[in-house]
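> Fold the stuff below for me.
(chains A, B, C and D)
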Protein chains: 2
Amino acid sequence: MGMFSKTCEYAIRGVFFIAHRTADGGRVGIKEIAAGIGSPEPFLAKILQDLSRRGIVQSTKGPNGGFYLNEDSLKRPLAAIVEAVDGNGIFVGCGLGLKQCSEINPCPLHHQFKSIRNQIQDLLEQTSIGEFNGDINLGISILKR
Amino acid sequence: MGMFSKTCEYAIRGVFFIAHRTADGGRVGIKEIAAGIGSPEPFLAKILQDLSRRGIVQSTKGPNGGFYLNEDSLKRPLAAIVEAVDGNGIFVGCGLGLKQCSEINPCPLHHQFKSIRNQIQDLLEQTSIGEFNGDINLGISILKR
DNA sequence: GAAATAAAAGATAAAAAAGTCTTTTTTATA
DNA sequence: TATAAAAAAGACTTTTTTATCTTTTATTTC
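Next comes the predicted model:
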């Protein structure tokens, strides 16, 4: 298992893809997104539905409909996606899974883990979704503007 | 989900517990380990059986039997436990789950993730199992020598 | 307003991870 | 050598994660 759940990986890749593909103001459909990032289409649909309900991505139904990102969404940090999908377990909580581990009662690796978790959090908080609409590598196809 | 799988968390806590409890040369049984680290006993038994087969912990059956760690095992890095249980996915592989992500064809977060993963690896490689037989916090009970 | 398009919603299925239970094997010791 | 103690092995169950399929709702365009 990587840093995030599979669901979360698809979510991030999907949102990046949407940002990239709709930089010109259009919409992009689930089929194209799924093919573009190499994910199972119905599963990704579920994930984006959830992100849409939470206001992290925007969508419209019907012809010419699809997913896109408004100004606010583009400004939001990557951490918003991760928290929505995986919760905040990656930022908080003990590396060894101990509930009673804390600053006062630290587990053997508490301080080292804390430093690493803080770096992950900083990275995800300081990176905005909108930063990635240039040329990016997101899956099967290398995207060019 | 934390940094490691639940199985791996139990494994690390279990091995730390064994290191601590057998520092004087004795053995410790599965019941005591499970109670000491707050894990389901039969599940932990499976995990330790596996680590025993791989030579990461030692065990003997029969009366006064139990788990312990020999010289070599105590010198081994934490990374050995993590690799045995979770594989090397935490050290290698793309944060966004892209198979074709590499130095030459990096994903948008490749370099940042790499730095963090390297720190995790360094931590796990540079910390030996034997370092933790002083007073440590590993679960339900805070252990004192 | 009918038809077509596309996401939303809901129900279901498969695979993996986590956890449990029972039987077997090994070892010490009485 | 019989007995008891303790891990090993194997089969099984439950829960969570990942994935799929079908129906419904909303929107556009003709």
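> Show me which residues of chain A are close to DNA strand C?
Among all residues of chain A, those adjacent to DNA strand C (criterion: C-beta under 7 Å from any atom of the strand) are A:1, A:28-31, A:42, A:45-46, A:48-49, A:52-53, A:59-67. In this view, the C-beta of every residue, glycine as well, is placed from N, C-alpha and C.
> Give me the buried subset of those.
The neighbour-count test (16 or more other C-beta atoms under 10 Å in any protein chain shown) applied to the residues of chain A next to DNA strand C identifies A:28, A:30, A:45, A:48, A:59, A:66-67 as buried.
> show me where chain A has helices.
With DSSP state H applied, chain A shows helices at A:6-21, A:30-37, A:41-53, A:71-75, A:78-86, A:110-126, listed in chain order.
> Figure out which of the ones you listed is closest to chain B.
Judged by C-beta to the nearest C-beta, the one of the helices of chain A that comes nearest to chain B is helix A:6-21, at 3.7 Å.
> which ones are touching the nearest residue to residue A:117 once chain neighbours are set aside?
With sequence-adjacent residues excluded and distances taken as C-beta to C-beta, 6 or more residues apart in numbering or on different chains, residue A:117 is closest to residue A:91, at 6.0 Å. The contact partners of residue A:91, by C-beta atoms under 8 Å, 6 or more residues apart in numbering or on different chains, come to A:117, A:120-121.
> Save these as CSV, and put in neighbour count and distance to residue A:72 too.
As requested, the contacts of residue A:91 are arranged in CSV below (neighbours: other C-beta atoms under 10 Å in any protein chain shown; distance: C-beta to C-beta, whole Å):
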residue, neighbour count, distance to residue A:72
A:117, 19, 27
A:120, 20, 24
A:121, 17, 21
